[in-house]
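> curious how this folds, go ahead:
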Amino acid sequence: MAVTSIWAVKGWLGKVVIYAENPDKTENPAYYEKQGMTAEQAQGLSDVIDYASRNSKTQLSNEHTEIMRHFVSGINCEIESARAEMMAVKKHYGKTEGIVAFHGYQSFAPGEATPEMAHEIGVKLAERLWGERYQVLVATHLDKGNHLHNHFVLNNVSMVDGKKYYRSERDYWLMQRESDKLCREYELSVIENPGRGQTKHYTEWQAEKDGRPTLRGFLKAEIDEAISQSMTESQFVANLQRRGFEVKLGKYVSVRPPGKERFSRLHTKLGDGYTRQGIIEQMRGRRPTFPDLEPKRTVKKVPFKGNLKAAKKITGFRALYFHYLYLLGKIPKKRPRPPSKVHYLFREDLIKIDKISNEIKLLCRHRIDTSEQLFSYKAGLSERMDTLSAERADLRKQLRRAKDEPGKEELKAKISILTKGIGEARKEVGLCDDIAERTALIKEKTQKVRAEQNQNRKEKTRYEPFR
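Now for the predicted structure:
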């Protein structure tokens, strides 16, 4: 089974090419500075490194680097000069503005293919789709154990006549169709009869299989809940707006969730049952439910042993994070809440629970409760990174002057330790930045939820005699 996708890239072309052809993404920027690389080609590499380190793209050690480099191929261009050749075609036809390339993706199910087979399939797919008119760089990456996937960097200007490639819905379909044909030729599994508008990225498919929450799942839960509480289309729109959604009603229903930049058509994201007519039919055939009219839950009283006054209270950032984990239903562990019972403003953060967990571990490990303590700790990390970088630079100078092999190996080992220390410090600096941003968002969300609960409580008390 192979999942495919392709999207437009805007900006500097060299960054995309270098990212695709280098599967071994380390903490060391010098790895990307290939021999003969100009200053223009080397710009923006830190962005790629930051992206790779945040997403933990690879766990390959340096000894595998040379092997993986063999899984890069150029179609109608050479590997080492792919960017220059693509830019030459653009300049020849005077089309250097706007979209600079298309970035394609083909992901295989774990354990089904070998690196050699995956790369061979990727090259054949690129030749069938674009080989007659466009320049393509094909690279096979190995991430997260045995998760094989191909990257395609496609020059959007044809070398034949200068016409631009425009990705359409038909291109998505052709890419998946040809990929499925190749998978059958190599006796790999294929998803038979995939539903229109319901295709999934492999990571989303795997998350659903493992029972982990997904953005599509949260969106569906919100829409289903709004439908269940509505009897008319205007009530449905009002329920979504109360949850922070922006709604467009036309031929289709489009929504923009809170904090997102773009609108999404519901039938495209969730399937044909979520067209405008489909939602109306669901409301007609479903009895609405109203949380305010549900019976009250009984409160159990549990005796407490100990002295509350003597107990040391946690305040500041740590208290805020612990309270937020409670609101997300992650504590107490013995009684976790399902995502459907978590407030709709908090549900999206369930996907980011691993990041939140790392942030609270840092806060507890160093007893950070205020902004001053956080920025002070971050400043200390920056100084440590500068010190380690200076030591590493000195060791690299010694390594260039060293002549005996035992001495070189010892210097390399020391450099490796310093590089690891710099990487750990850089990750903690990123966590500090995330904490500073997330604390403000948590406070904002909790305030909105409290205001909404107070309003509902007032309305419930006001209309109690009529009930």
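
> any stretches of the stretch 301-450 of the chain with poor pLDDT?
302, 304-312 (pLDDT under 70).

> tell me where it has helices.
All helices of the stretch 301-450 of the chain, identified by DSSP state H, counting those that start in this stretch, fall at 316-327, 353-366, 371-401, 405-462.

> wait, what's in contact with residue 418?
388, 391-392, 395 (C-beta atoms under 8 Å, 6 or more residues apart in numbering). Every residue, glycine included, has its C-beta placed from N, CA and C.

> residue 341: which of those residues is nearest?
residue 388 (46.0 Å; C-beta to C-beta).

> and the closest one, how far from residue 456?
53 Å (C-beta to C-beta, to the nearest Å).

> thinking again about what came up before, what's the farthest-apart pair in the contacts of residue 418?
Maximum distance among those (C-beta to C-beta): 10.4 Å, for 388 and 395.

> next, the distance between the ends of stretch 270-284.
End-to-end distance of stretch 270-284 (C-alpha to C-alpha, to the nearest Å): 19 Å.

> picking up where we left off before, neighbour-wise, which of residue 388 and residue 456 wins?
residue 388 (19 against 12; other C-beta atoms under 10 Å).

> the more buried one contacts residue 421, correct?
Yes. Using C-beta atoms under 8 Å, residue 388 is in contact with residue 421, at 5.3 Å.

> quick check: which element contains residue 247?
In this assignment (DSSP states H and E), residue 247 forms part of strand 246-249.

> pull the distance from that strand to the chain's centre.
Its chain's C-alpha centre and that of strand 246-249 lie 26 Å apart, by C-alpha atoms, centre = their mean, to the nearest Å.

> go on, stretch 417-431?
Centroid separation between stretch 417-431 and its chain, computed with C-alpha atoms, centre = their mean, is 21 Å.

> buried residues, it. List them.
For stretch 417-431, the neighbour count (16 or more other C-beta atoms under 10 Å) marks 418-419, 421-423, 425-431 as buried.

> save these as TSV, and put in distance to residue 92 too.
Shown next, in TSV, are these (distance: C-beta to C-beta, whole Å):
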residue	distance to residue 92
418	46
419	42
421	48
422	43
423	42
425	46
426	41
427	44
428	48
429	44
430	42
431	47
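
> can you pull the pLDDT of residue 13?
Residue 13 is assigned 50 on the pLDDT scale.

> got it, and residue 51?
32.

> residue contacts, residue 338?
Residue 338 neighbours (C-beta under 8 Å, 6+ apart): residue 329.

> same check on residue 395?
Contact analysis of residue 395 by C-beta under 8 Å, 6+ apart lists 411, 414-415, 418.

> now for those: which two are most distant?
Greatest spatial distance in the contacts of residue 395: 411 and 418, 10.6 Å, computed using C-beta to C-beta.

> what about the strands in the stretch 201-350 of the chain?
Remark: strands assigned in the stretch 201-350 of the chain by DSSP state E, counting those that start in this stretch are 246-249, 253-256, 264-265.

> can I get the first one in PDB? Just the C-alpha atoms.
What follows is strand 246-249, C-alpha atoms only, in PDB (Å, rounded to 0.1, in the frame of the first residue of the first chain):
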ATOM      1  CA  GLU A 246     -16.800  30.700  10.800                       C
ATOM      2  CA  VAL A 247     -19.400  29.300   8.300                       C
ATOM      3  CA  LYS A 248     -20.100  29.900   4.600                       C
ATOM      4  CA  LEU A 249     -23.300  28.600   3.100                       C
END
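
> report the buried members of the contacts of residue 395.
Here, 16+ other C-beta under 10 Å leaves 411, 415, 418 buried among the contacts of residue 395.

> how near is the second one to residue 423?
Put plainly, it is residue 415. 13 Å.

> shared neighbours of the two, which are they?
By C-beta under 8 Å, 6+ apart, no residue touches both residue 415 and residue 423.

> circling back to that earlier point, dump the buried ones among the contacts of residue 395 into CSV; add distance to residue 130 as well.
What follows is the buried ones among the contacts of residue 395, written out as CSV (distance: C-beta to C-beta, whole Å):
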residue, distance to residue 130
411, 46
415, 42
418, 44
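
> ok, these vs residue 91, which is closest?
residue 415 (40.7 Å).

> verify the stated contact: residue 7 with residue 102.
Yes. Counting by C-beta under 8 Å, residue 7 does reach residue 102; the two are 6.9 Å apart.

> which one's more surrounded, those two?
Using other C-beta under 10 Å as the criterion, residue 7 and residue 102 rank with residue 102 on top: 22 against 9.

> residues in contact with that one?
Residue 102 sits in contact with 6-9, 152-154, 156, 165, 167, where contact means C-beta under 8 Å, 6+ apart.

> name the SS class of the closest residue to it other than its chain neighbours, please.
Counting by C-beta to C-beta, 6 or more residues apart in numbering, residue 102 lies nearest to residue 154, which is 4.3 Å off, once chain neighbours are set aside. Following DSSP: H, G, I helix; E, B strand; the rest coil, residue 154 is assigned to strand.

> wait, residue 154 sits on residue 138?
No. The criterion here is C-beta under 8 Å, and residue 154 misses it with residue 138 at 9.8 Å.

> pull up the overlap in contacts between the two.
Contact criterion C-beta under 8 Å, 6+ apart; residues shared by residue 154 and residue 138: residue 126.

> distance from stretch 73-84 to the middle of the chain?
That offset, for stretch 73-84, works out to 28 Å (C-alpha atoms, centre = their mean).

> CA atoms only for it, dumped as CSV, please.
The C-alpha coordinates for stretch 73-84 follow below in CSV (Å, rounded to 0.1, in the frame of the first residue of the first chain):
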residue,chain,number,x,y,z
SER,A,73,17.9,10.0,-8.7
GLY,A,74,17.5,12.8,-11.1
ILE,A,75,15.1,12.6,-14.1
ASN,A,76,16.1,15.0,-16.9
CYS,A,77,18.6,16.6,-14.5
GLU,A,78,21.8,15.7,-12.6
ILE,A,79,21.6,15.2,-8.8
GLU,A,80,24.4,17.6,-7.9
SER,A,81,23.2,20.4,-10.2
ALA,A,82,19.4,19.9,-10.0
ARG,A,83,18.7,23.4,-8.6
ALA,A,84,20.9,25.1,-11.2
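
> any buried residues in that stretch, and which?
Residues of stretch 73-84 classed as buried: 73-77, 82-84 (neighbour count, 16+ other C-beta under 10 Å).

> mean confidence for that stretch?
For stretch 73-84, the mean confidence score works out to 87.
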